[in-house]
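K.L.:
Next comes the sequence, and after it the predicted model I'd like to discuss.
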Amino acid sequence: MPRIVLLLVESAVELVPQEIRNHPVIQAYCRRRRQDPRWVILDSSYHHSAMKGLTNYQKRGRPDILHFTLLEALGSPLNLAGMLEVYCHTQDGAFIEVNPKVRLPRVYERFKGLLSQLYRQGTIKTEQGEILLKMEKKNIAEAIGSIRPGRVYLLSEEGRRVKRSEMEEIFKTIDRPLFMVGCYPHGDFQEETKKLAEESLSLSERRLEAWTAVSRLLCIAEQALNIT
C-alpha cells in the first residue's frame, strides 16, 4: 500500500542566534532557567524584544506550531496504521527525521527541552538504542532527494483549489506522495521551497493553521485508503 510523506517546511524552530545571545532579555531568561544560551530554543513568547533585530523575525521563534502539528500527525490513524512518514525542516537549515513510534512530550516546555537536546546530540534514542529523532544539516532540496517521494506537492493558500475527490485519487494512485506544509506564523514560502513543488494545492478557501491543514490532509488520506 502507498505511504504518505509529510514534510513540515520552514518550521519556526532554531537555537537563539549568536547575534542576540548577549541581549539582556536572553541573558535574564537563561539565568532564570539555568540554561546555556548556546542551546536555548528561540521562542517569541519570551524573546520577542530581542528578536526585533533579527532578519525576518516575524516568521521565527514559534516552536509551538511545530509541536501542535507533530502531535496531530503522529496521533492520526494514518500514522498508527504505519502509513505516514514525517519529516521537518527548520529555519536554520536542520532536517529532522521523525520515527513514527516516537511519543513526543505533550507539555510544550518539555518539547522545547527535547529540541534543545536534539540540537546538542544529533539524535534522540530509546534505552534500547532505537532512533526516535535524528537531525542533520540539509537544505530542503537535499532533504527531498533523500526521501525520494513519488511526487512533490506544496499546500498553500495560493495553490490551485482542489476537490476532495481529486485528493483521494492522488492518495490511491501515487506511491509516497510528499506534501510540504509550512510551520511558521507569518509571511510566505521562500522561492526555493516553491520551486521544489511539482504542484501547489489549496485545501480551503481560507488560510489554515499548519495543524489544521495537516489534519484535513490526513483525514482525506484515511478516507481514501479506508483507514479507520
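P.N.:
Yes, it's here.
K.L.:
When you work out contacts or count neighbours from here on, use the C-alpha atoms and nothing else.
P.N.:
Noted.
K.L.:
The top strand by length along the chain pairs with which strands, and in what direction?
P.N.:
Assignment by DSSP state E gives strand 151-161 as the longest strand of the chain. Sheet pairing for strand 151-161, assigned by DSSP bridges, gives strand 177-182 (parallel), strand 199-202 (parallel).
K.L.:
List the contacts of it.
P.N.:
Under the criterion C-alpha atoms under 8 Å, 6 or more residues apart in numbering, residues 174, 176-182, 194, 196-208 lie in contact with strand 151-161.
K.L.:
which of those count as buried?
P.N.:
176-182, 194, 196-197, 200-204, 208 (16 or more other C-alpha atoms under 10 Å).
K.L.:
Just confirm residue 189 is within a helix.
P.N.:
No. Assigned with DSSP: H, G, I helix; E, B strand; the rest coil, residue 189 falls outside any helix and is coil.
K.L.:
Quick check, it in contact with residue 182.
P.N.:
Yes. Residue 189 is within contact range of residue 182, at 7.3 Å (criterion: C-alpha atoms under 8 Å).
K.L.:
shared neighbours, the two?
P.N.:
Counting by C-alpha under 8 Å, 6+ apart, the common neighbours of residue 189 and residue 182 are residue 10.
K.L.:
From the structure, what's the count of residues near the nearest residue to residue 132 once chain neighbours are set aside?
P.N.:
Nearest non-adjacent residue to residue 132, counting by C-alpha to C-alpha, 6 or more residues apart in numbering: residue 99, 4.8 Å away. Residues lying near residue 99 (other C-alpha atoms under 10 Å) number 16.
K.L.:
Relative to residue 70, how far out is residue 99?
P.N.:
In this view, residue 99 and residue 70 are 11 Å apart by C-alpha to C-alpha, to the nearest Å.
K.L.:
for the record, mean pLDDT for stretch 13-21?
P.N.:
With pLDDT averaged residue by residue, stretch 13-21 scores 96.
K.L.:
Share the number of residues neighbouring residue 118, please.
P.N.:
Neighbour tally, residue 118, other C-alpha under 10 Å: 19.
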